[in-house]
Structure formats: structure tokens, C-alpha cells
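# Have a look at this prediction, sequence included:
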Amino acid sequence: MNTEIIKIEEENIDRQAIVRAGEIIRAGGLVAFPTETVYGLGGDALNASSSEKIYAAKGRPSDNPLIVHIAKMEALPFLVREVPKDACKLAERFWPGPLTMIFNKSKYVPAKTTGGLETVAVRMPSNKVAKAFIEEAGGYVAAPSANRSGRPSPTLAKYVIEDLDGRVEMIIDGGEAVIGLESTIVDLTEEKPMILRPGYVTAEMLASVIGNVETDRAIMDEACDKAPKAPGMKYRHYAPKGGLTIVEGQAWQVEQYINERLKECKAGGKKTGVIATDETALHYQADSVKSVGKRKEKEQIAKGLFRILREFDDEDIQVIFAESFERQGVGAAIMNRLLKAAGHQVVTPESKL
Ligand code: TXA
Ligand code: MG
């Protein structure tokens with residue numbers, strides 16, 4: 001398949017291109033498009049065969065449901081059996097934006113789109129290109145992140161092209177995703193709202209609108225033997241090609257431990273990388289040291305994390321060590337993604353004091 005690649009700027013939207021993208025979706029084809037979180041791989045959410053094509057293009061298991069993207073609130077009732085009060089409050093505060101809500105689905109949403117579940121995930125993105133595109137596409141666009149299954153989610157069009165060129169009809173290049181991590185997912189179908197995937201909208205932010213929310217224990221806690229409620233969270237994910245280990249502990253211990261391991265890896269002829277912060281980047285002796293920014297600026301760390309994982313692949317790094325981050329606020333999302341990228345490989349160096 002020949003993939004058309006087209007640049008569209010948020011502040012100067014090329015209407016003709018958007019109309020063409022919408023036509024592709026309505027004809028059952030696929031278009032990758034920018035959102036504020038990460039790029040999405042879009043198809044018509046109401047067309048079962050489009051959803052099948054999405055799974056095939058991504059190489060994704062078809063029991064892993066897709067998020068349906070809408071552009072306006074009036075589109076929601078068609079997709080769901082009821083809109084709980086909490087959902088209205090959350091939508092008012094966080095839509096359009098990086099929040100996905102799970103509802104009981106209506107009969108109009110094909111089982112193929114929801115991976116066979118009776119629930120449906122819905123999000124209204126804030127990116128203007130995404131909104132215009134969803135409207136033109138008929139108002140209901142199913143879209144997982146636009147990476148091949150298992151790879152880091154793309155925050156730049158060049159990574160979408162790397163993964164999906166020749167597999168979709170069109171890729172819209174809208175520049176760098178401003179948030180860089182996928183949306184927060186909150187389930188509103190049970191008695192108590194529950195976070196199934198942490199994101200930029202934190203537990204504290206949700207609680208300030210609807211009161212206490214729980215977090216699915218299975219997503220962060222290695223000791224929990226239950227399967228996570230969001231089917232996608234059970235798969236190894238975001239994995240760079242080099243093995244990744246997270247090192248936890250006091251800054252000096254982490255640095256000492258990583259530098260010792262780096263020496264061993266180098267002696268073994270391995271190409272090494274470190275995910276560091278501005279405060280520590282100069283302290284490491286690896287082939288490639290990448291700072292995610294200042295330790296305190298979590299939003300900045302979130303924005304750059306997936307790009308850095310991809311860059312290590314571009315540089316053929318074979319062994320990667322990462323510093324660890326506080327799990328508060330957006331830190332919960334950062335650590336969730338990092339832990340998955342590391343296949344939960346975490347070490348805590350012994351204190352020698
Ligand atoms: O920011 C985002 O959410 C991006 C952009 C493109 O909008 N999309 C995204 O989609 O991250 P994806 O498919 O990569 O991740 C969707 C996650 C998966 O873990 C999936 O299992 C979960 O949402 N999910 C979807 N529908 C669900 C449902 N009905 N119940 C529970 N989890 C669901
Ligand atoms: Mg994904």
C-alpha cells in the first residue's frame with residue numbers, strides 16, 4: 001500500500017487535506033493522526049472491518065480494545081448505554097484533553113472495536129488537527145497509539161512512519177505531541193471510579209472533581225497476581241530493543257551502581273545507554289547518556305520519555321539503565337511506562353554505608 005504523508009499545522013489547518021483524510025476513514029481505510037498525548041492509528045469505530053484492519057496494521061492481539069475518539073460531547077450518548085453523573089463532571093473539567101473514560105457500550109459499537117467487551121473507552125482529544133479530522137471522518141474514530149505492537153508510543157510523525165509506512169493510507173504529521181504519554185484511563189462502570197492507566201490527569205486531579213478514585217493495583221504492584229482491568233496493560237510494552245533496568249535508591253548509590261555495571265557491559269563489548277536527569281547526566285560513563293530533563297519537572301520528563309526510548313533503538317544501544325522517579329502525580333504515569341518498558345526489571349543497590 002502506498003502511504004500518503006502530509007503535514008498539517010494546528011494553527012493553519014489545511015481543510016482539503018482534512019477532508020481527504022475523513023474520506024479515507026469513511027471508506028473503511030486507516031489514517032494515523034496527531035493528538036496531544038501520542039499519535040493515533042485511526043479507523044471508523046462503527047465499522048468492524050476497520051477495527052480488524054487496525055489490529056492487523058499494528059500487529060496487535062484483537063482482545064485488546066480500542067479507544068473511540070469523539071470531537072464533541074453530543075457524540076457520546078450514541079456510544080454508551082448511560083452517561084453517569086461523574087462522567088459529566090469529568091468531561092466538563094477534562095475534555096477535550098488527555099482523559100479516557102470507560103462506559104457500558106451501546107449496541108452501535110461493534111464488538112470488534114471493544115475487543116469483545118461490553119464496555120467502550122471514549123476520549124475527546126484537544127489537538128485541533130485531531131478534532132477537525134474526527135469531525136470529517138464521521139465523528140467516531142477508533143484509535144490505538146500509532147506504533148507497532150510492543151514498541152514505544154510515537155510522539156513524532158517520523159516514528160509513526162518508521163512503524164506504519166505502507167500499512168495505512170495516510171499519515172498526518174502534526175509535529176511533536178505536547179504531552180507525550182497516553183491518556184489517563186478511568187473506569188466509570190463499577191460502583192467506584194477506578195484508574196486503569198495513570199496519565200497526565202492524575203488521581204489527585206480526578207479526586208478534586210468526583211471525590212476519591214481507586215487505582216487498579218495490578219498495574220503498578222508486582223506482588224498483585226490479578227490481571228489488570230485494561231487488557232492492554234498486561235502486555236509487555238514500550239520496550240526498547242536493548243534490555244532496560246531501572247535502578248532505585250539514593251542518588252549516589254544509583255550512580256555508583258550504574259557506573260559499575262556500565263564498566264562490566266563495556267568490557268563485554270556491549271553498547272550502553274543511561275536515562276538520566278539534568279542533575280546527574282554528566283556523572284555517567286555510558287556510550288549514550290540521555291537526560292529526560294530536570295528531576296522536578298515531571299511534565300517535561302513525561303514528554304520526552306518515549307522519544308528517548310526510540311532514540312536508543314536508533315543508536316543500537318544494547319543495555320540501558322534508567323534512574324527511577326517518584327510515583328506521585330504525573331510520576332505515577334512515568335513510572336508505569338518505564339516499568340513496562342523494563343519488563344518490571346528493577347534493582348535496588350545495597351547500601352554500603
Ligand atoms: O492517549 C491515548 O489514549 C492514545 C491516543 C491515540 O488517544 N491512545 C491509546 O490507545 O493509548 P491504546 O490502544 O494504545 O491504549 C488503549 C488502552 C489499552 O490498554 C486497552 O486495553 C484499554 O485502553 N482499553 C480500551 N478499551 C477498554 C475497555 N473497554 N475496558 C478496559 N480497558 C480498555
Ligand atoms: Mg498503545
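Cool, the structure landed. Residues are numbered from 1 along each chain as shown. Ligands and ions are numbered 1, 2, ... in the order given.
# from here on, contacts and neighbour counts on C-alpha atoms
Noted.
# What is the neighbour count of the closest residue to R295 other than its chain neighbours?
Leaving out its chain neighbours, the residue that sits closest to R295 by Cα to Cα, 6 or more residues apart in numbering is T277, at 5.9 Å. Residue neighbour count, defined by other Cα atoms under 10 Å, stands at 19 for T277.
# Just read off the phi/psi values of T277.
Backbone torsions of T277, given as degrees, to the nearest 10, read phi -120, psi 170.
# State the pLDDT value of it.
T277 carries a pLDDT score of 98 in this model.
# so who does it touch?
K290, S291, V292, G293, K294, R295, E323 (Cα atoms under 8 Å, 6 or more residues apart in numbering).
# Please repeat the previous calculation with a cut-off of 7 Å.
Contact analysis of T277 by Cα atoms under 7 Å, 6 or more residues apart in numbering lists S291, V292, G293, K294, R295.
# what's the answer for N259, then?
By Cα under 7 Å, 6+ apart, the contact list for N259 reads Y284, Q285.
# Kindly reformat the contacts of T277 as JSON lines containing distance to D313, pLDDT and secondary structure.
Formatted as JSON lines, those follow (distance: Cα to Cα, whole Å; pLDDT from 0 to 100; DSSP: H, G, I helix; E, B strand; the rest coil):
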{"residue": "S291", "distance to D313": "16", "pLDDT": "98", "secondary structure": "strand"}
{"residue": "V292", "distance to D313": "16", "pLDDT": "97", "secondary structure": "coil"}
{"residue": "G293", "distance to D313": "20", "pLDDT": "97", "secondary structure": "coil"}
{"residue": "K294", "distance to D313": "23", "pLDDT": "97", "secondary structure": "coil"}
{"residue": "R295", "distance to D313": "24", "pLDDT": "96", "secondary structure": "coil"}
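# Report the buried members of those residues.
Among the contacts of T277, those classed as buried by 16 or more other Cα atoms under 10 Å are S291, V292, G293, R295.
# Can you verify my assumption that the second one contacts I301?
Just to be clear, that refers to V292. Yes: contact criterion Cα atoms under 7 Å: V292 and I301 qualify, at 5.0 Å.
# Quick check: S50 is in a helix.
Yes: counting by DSSP: H, G, I helix; E, B strand; the rest coil, one finds S50 located in a helix.
# Compute the number of surrounding residues for it.
Neighbour tally, S50, other Cα under 10 Å: 24.
# pLDDT score for it?
pLDDT, S50: 98.
# quick one, helices of the chain?
Per DSSP state H, the chain carries helices over the ranges 15-26, 48-58, 76-79, 85-94, 128-136, 157-164, 203-210, 251-267, 298-314, 330-341.
# Identify whichever of these lies nearest to A218.
helix 330-341 (10.9 Å; Cα to Cα).
# In that closest one, which residues have enough neighbours to count as buried?
Buried residues in helix 330-341 (16+ other Cα under 10 Å): V330, G331, A332, A333, I334, M335, N336, R337, L338, L339, K340, A341.
# what do you get for stretch 86-106?
87, 90-91, 94-106.
# Take that stretch, keep the C-alpha atoms, and write them as PDB.
Extracted as PDB, the C-alpha positions of stretch 86-106 are listed here (Å, rounded to 0.1, in the frame of the first residue of the first chain):
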ATOM      1  CA  ASP A  86     -19.300  11.600  37.400                       C
ATOM      2  CA  ALA A  87     -18.600  11.300  33.700                       C
ATOM      3  CA  CYS A  88     -20.400  14.500  33.000                       C
ATOM      4  CA  LYS A  89     -18.400  16.300  35.700                       C
ATOM      5  CA  LEU A  90     -15.100  14.800  34.400                       C
ATOM      6  CA  ALA A  91     -15.900  15.700  30.800                       C
ATOM      7  CA  GLU A  92     -16.700  19.200  31.800                       C
ATOM      8  CA  ARG A  93     -13.400  19.600  33.500                       C
ATOM      9  CA  PHE A  94     -11.000  17.500  31.400                       C
ATOM     10  CA  TRP A  95     -12.500  17.200  27.900                       C
ATOM     11  CA  PRO A  96     -11.200  17.900  25.400                       C
ATOM     12  CA  GLY A  97      -8.000  16.500  26.800                       C
ATOM     13  CA  PRO A  98      -5.900  13.600  27.900                       C
ATOM     14  CA  LEU A  99      -8.600  11.600  29.700                       C
ATOM     15  CA  THR A 100     -10.300   8.400  28.500                       C
ATOM     16  CA  MET A 101     -13.500   7.100  30.300                       C
ATOM     17  CA  ILE A 102     -14.900   3.600  30.200                       C
ATOM     18  CA  PHE A 103     -18.700   3.200  29.800                       C
ATOM     19  CA  ASN A 104     -21.200   0.400  29.200                       C
ATOM     20  CA  LYS A 105     -21.400   0.300  25.400                       C
ATOM     21  CA  SER A 106     -24.400   0.800  23.200                       C
END
